[in-house]
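1. Coordinates for the following, if possible.
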Amino acid sequence: GDSWIYFLLTEQAATNLYRIDVKGNKELLIKGEQVVFEYSPAVGGNVAYGLADPSSPGDIYIWEQGESSCLTDINPWLRDHWLGTPEMYWFDAGQGEKVHAWLMKPPGFDEKRKYPLVLYVHCSMFSWDFNHEFQSLANAGYLVAYFNEIGTTAGYGQAWTVASEGDQGGRNYEQTMVGVDELIARGYVDEKRMGVTGGSCGGFMTNWIVGHTDRFAAAVAQRSIVNHLSKVGTADNGPEGTRNETGEDPWSNLEQVWRRSPVAYAEDMHTPLLIVHSDEDHRCPLEQAEQLFAVLRWMGREVELVIFEGENHGLSRGGRPGNRIERLRRISGWFDKHLGTKPSEE
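-> You can find the predicted model right below:
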């Protein structure tokens with residue numbers, strides 16, 4: 001049999017392929033600004049693997065004797081379409097912290113003009129993977145920005161990953177706002193036409209952001225966390241999910257769990273908000289979306305709720321094709337309504 005053990009390792013948003021032998025000798029096989037998403041080794045040392053990057057949803061490759069070659073051309077039609085190339089950079093977030101970030105610019109970008117911005121947020125990770133949502137919005141005319149702020153799981157060390165536990169909406173929110181300020185300072189972001197969106201914990205961050213600032217002209221909360229008090233007993237990740245996010249259990253510190261729930265700040269939410277959710281989402285149950293929608297409607301705020309029947313937490317990547325298209329249409333339509341897509345003159 002083969003004496004090698006193969007494994008994937010995420011390092012600064014890239015997923016690389018390694019192997020190690022029984023003596024502990026490690027070898028890096030595939031590395032770059034890309035994502036190895038699957039692999040299948042054979043006796044003798046050859047490895048077939050799947051590889052994606054910002055310009056390709058993925059192809060199958062084979063690694064043989066130190067050389068890689070591509071075996072497939074799964075999406076040739078993409079070569080007939082404009083694809084944005086994310087520009088990678090790091091920004092100084094203060095306190096000696098550097099944040100890994102990306103910006104995708106629209107077709108025909110002119111730095112002398114000002115463009116609407118869509119900020120994607122999360123509490124997990126962005127990567128060097130292909131992202132059809134970013135491409136869709138950039139193609140429509142938006143600057144698309146995304147950051148791997150503190151708390152990310154994308155390979156910046158364990159200390160960086162666990163630093164946000166019990167502090168969601170704390171330092172990660174502060175770093176995100178510093179990143180937005182840095183983009184505005186470049187001169188080509190129209191700060192009156194900025195939108196924010198994210199899913200799951202990114203949905204939490206979207207809700208949190210619009211409860212703490214009015215600087216965004218529109219927001220889309222996707223499959224989001226709204227109220228940790230009710231989520232603790234209804235979500236499929238159990239009470240430990242709430243404890244990791246808030247640092248407490250509701251039965252031991254009710255006030256702390258409430259103050260870490262975006263709905264606690266609903267009175268301060270004035271940003272037009274689209275809430276997108278699925279009725280079979282067990283990670284962030286539908287009642288989360290319904291709570292925020294009901295509260296904001298009661299307060300007379302501009303809010304819409306779109307529920308996808310028969311879909312789950314993975315709608316954006318694994319839902320029915322028609323529903324995935326409709327989801328993108330709803331998101332882009334909301335931003336178009338409130339931000340527009342055309343650049344403005346200086």
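2. what sits against the residue nearest to Ser278 when sequence neighbours are not counted?
-> Once flanking residues are discounted, Ser278 sits nearest to Glu311: 3.7 Å by CB to CB, 6 or more residues apart in numbering. In short, each C-beta sits where N, CA and C put it, glycine included. Applying CB atoms under 8 Å, 6 or more residues apart in numbering to Glu311 gives the contacts Ser278, Asp279, Glu280, Asp281, Gly319, Arg320, Asn323.
3. What is the most widely separated pair among these?
-> The span of these, defined through CB to CB, is set by Asp281 and Arg320 at 14.5 Å.
4. Which one of these two is surrounded by more residues?
-> Asp281 (23 against 12; other CB atoms under 10 Å).
5. And what about the more buried one, helix, strand or coil?
-> Going by DSSP: H, G, I helix; E, B strand; the rest coil, the secondary structure assigned to Asp281 is coil.
6. Roughly how far does it sit from Leu183?
-> Using CB to CB, to the nearest Å, Asp281 is found at 31 Å from Leu183.
7. what's the helix or strand of the chain with the lowest mean pLDDT packed up against?
-> Across the helices and strands of the chain, mean confidence by mean pLDDT, DSSP states H and E is lowest for helix 238-246: a mean of 89. Counting contacts by 3 or more CB pairs under 8 Å, 6 or more residues apart in numbering; DSSP states H and E, helix 238-246 packs against helix 228-231, helix 254-259.
8. so where is the chain shaky, pLDDT-wise?
-> 1, 346 (pLDDT under 70).
9. Please, where are all the helices along it?
-> 132-140, 158-162, 171-184, 201-210, 228-231, 238-246, 254-259, 286-298, 315-318, 321-339 (DSSP state H).
10. what comes into contact with stretch 79-91?
-> 33, 54-55, 98-107, 134-135, 138-139, 144, 147, 178-179, 182.
11. got the buried residues for it?
-> For stretch 79-91, a neighbour-count test (16 or more other CB atoms under 10 Å) marks Leu83, Gly84, Pro86, Phe91 as buried.
12. sorry, back to before: tell me the most buried of the helices and strands packed on helix 238-246?
-> helix 228-231 (a mean of 22; mean count of other CB atoms under 10 Å).
13. how far is that one from where the chain is centred?
-> 22 Å (CA atoms, centre = their mean, to the nearest Å).
14. Please parse the chain into its domains.
-> The chain is divided into the following domains under automatic domain parsing: 4-77, 82-339.
15. Which among those is found nearest to Glu345?
-> Across the domains of the chain, Glu345 has its closest neighbour in domain 82-339 (6.2 Å, CB to CB).
16. where do the strands sit along the stretch 51-200 of the chain?
-> 56-64, 67-70, 87-94, 97-104, 115-120, 143-148, 189-199 (DSSP state E, counting those that start in this stretch).
17. In its sheet, which strands sit next to the second one, and in what direction?
-> For strand 67-70, the paired strands and their directions (DSSP bridges) read strand 56-64 (antiparallel).
18. Now the partner strand - C-alpha only, CSV.
-> What follows is strand 56-64 as a C-alpha-only set of coordinates in CSV (Å, rounded to 0.1, in the frame of the first residue of the first chain):
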residue,chain,number,x,y,z
SER,A,56,-13.2,28.9,-12.4
PRO,A,57,-15.8,26.9,-10.5
GLY,A,58,-13.6,23.9,-10.8
ASP,A,59,-11.8,21.3,-12.9
ILE,A,60,-10.2,17.9,-12.3
TYR,A,61,-6.4,17.7,-12.3
ILE,A,62,-3.9,15.0,-11.8
TRP,A,63,-0.6,15.3,-9.9
GLU,A,64,2.1,12.9,-11.2
